[in-house]
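Asker: Fold the following, please.
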Amino acid sequence: MHKYGGGWVKMLRIGLSGVVSFILLYIESLIVMKLKGMSTIEFGEMTPFINVWAMNFFFVFAIFTQVGNWCLNKGFFQQSDEHNIY
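Answerer: Purely as a prediction, here's the structure:
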(Lines give C-alpha, C1' and ligand atoms only; values in the text may rest on other atoms or scores of the structure.)
Protein backbone atom coordinates (compact mmCIF):
# COMPACT_ATOMS: atom_id res chain seq x y z
CA MET A 1 0.00 0.00 0.00
CA HIS A 2 1.13 3.53 -0.73
CA LYS A 3 2.49 5.68 2.08
CA TYR A 4 -0.63 7.79 2.28
CA GLY A 5 -3.83 6.32 0.99
CA GLY A 6 -3.06 3.84 -1.78
CA GLY A 7 -3.49 4.08 -5.53
CA TRP A 8 -6.31 6.60 -5.44
CA VAL A 9 -3.88 9.30 -4.30
CA LYS A 10 -1.69 8.75 -7.37
CA MET A 11 -4.72 8.79 -9.66
CA LEU A 12 -6.02 11.96 -8.02
CA ARG A 13 -2.64 13.64 -8.42
CA ILE A 14 -2.45 12.69 -12.10
CA GLY A 15 -6.03 13.77 -12.83
CA LEU A 16 -5.74 17.09 -11.04
CA SER A 17 -2.38 17.74 -12.69
CA GLY A 18 -3.94 17.26 -16.13
CA VAL A 19 -6.81 19.65 -15.42
CA VAL A 20 -4.69 22.31 -13.68
CA SER A 21 -2.09 22.18 -16.47
CA PHE A 22 -4.78 23.07 -19.06
CA ILE A 23 -5.94 25.94 -16.85
CA LEU A 24 -2.33 27.09 -16.52
CA LEU A 25 -1.90 26.88 -20.31
CA TYR A 26 -4.98 29.08 -20.75
CA ILE A 27 -3.65 31.66 -18.28
CA GLU A 28 -0.24 31.66 -19.96
CA SER A 29 -1.90 32.20 -23.34
CA LEU A 30 -3.91 35.12 -21.98
CA ILE A 31 -0.74 36.74 -20.62
CA VAL A 32 1.04 36.36 -23.97
CA MET A 33 -1.96 37.79 -25.84
CA LYS A 34 -2.12 40.83 -23.54
CA LEU A 35 1.62 41.47 -23.74
CA LYS A 36 1.70 41.22 -27.54
CA GLY A 37 -1.62 43.03 -28.07
CA MET A 38 -3.17 40.13 -29.99
CA SER A 39 -6.72 38.83 -29.89
CA THR A 40 -5.86 35.19 -30.63
CA ILE A 41 -2.93 32.89 -30.19
CA GLU A 42 -1.81 30.32 -32.74
CA PHE A 43 0.33 27.40 -31.69
CA GLY A 44 0.94 26.42 -35.31
CA GLU A 45 0.67 22.68 -34.93
CA MET A 46 -0.38 20.23 -32.29
CA THR A 47 3.23 19.58 -31.23
CA PRO A 48 3.94 22.97 -29.54
CA PHE A 49 0.59 22.79 -27.73
CA ILE A 50 1.36 19.29 -26.41
CA ASN A 51 4.88 20.33 -25.40
CA VAL A 52 3.64 23.29 -23.37
CA TRP A 53 0.88 21.18 -21.82
CA ALA A 54 3.37 18.44 -20.90
CA MET A 55 5.73 20.96 -19.25
CA ASN A 56 2.83 22.38 -17.25
CA PHE A 57 1.63 18.86 -16.35
CA PHE A 58 4.97 17.80 -14.89
CA PHE A 59 5.37 21.14 -13.12
CA VAL A 60 1.97 20.80 -11.41
CA PHE A 61 2.53 17.08 -10.72
CA ALA A 62 5.83 17.88 -8.99
CA ILE A 63 4.12 20.54 -6.86
CA PHE A 64 1.34 18.12 -5.86
CA THR A 65 3.96 15.49 -5.00
CA GLN A 66 5.82 17.91 -2.75
CA VAL A 67 2.58 19.02 -1.08
CA GLY A 68 1.72 15.36 -0.45
CA ASN A 69 5.15 14.70 1.04
CA TRP A 70 4.82 17.80 3.21
CA CYS A 71 1.41 16.68 4.45
CA LEU A 72 2.81 13.22 5.18
CA ASN A 73 5.69 14.70 7.18
CA LYS A 74 3.32 16.96 9.12
CA GLY A 75 1.16 13.97 10.05
CA PHE A 76 -2.04 14.91 8.23
CA PHE A 77 -2.49 11.34 6.97
CA GLN A 78 -1.88 9.62 10.30
CA GLN A 79 -4.74 7.56 11.62
CA SER A 80 -5.26 7.68 15.35
CA ASP A 81 -6.70 4.86 17.45
CA GLU A 82 -9.96 6.72 18.00
CA HIS A 83 -10.82 6.32 14.30
CA ASN A 84 -10.04 2.59 14.35
CA ILE A 85 -13.31 0.65 14.55
CA TYR A 86 -11.68 -2.79 14.72
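Asker: Reduced to three states, what does residue 38 come out as?
Answerer: Per DSSP: H, G, I helix; E, B strand; the rest coil, the secondary structure class of residue 38 is coil.
Asker: Spit out the contact partners of it.
Answerer: Going by Cβ atoms under 8 Å, 6 or more residues apart in numbering, residue 38 touches residue 32. Quick note: C-beta positions are derived from backbone N, CA and C, even for glycine.
Asker: Quick check, pLDDT for it.
Answerer: The per-residue pLDDT reported for residue 38 equals 90.
Asker: Got the phi and psi for it?
Answerer: Per-residue torsions, residue 38: phi -100, psi 160 (degrees, to the nearest 10).
Asker: what's the distance between it and residue 23?
Answerer: Between residue 38 and residue 23 the computed distance is 20 Å (Cβ to Cβ, to the nearest Å).
Asker: all helices for this structure, in order.
Answerer: Listed in chain order, the helices of the chain (DSSP state H) span 7-36, 46-74.
Asker: This completes my enquiry, with thanks.
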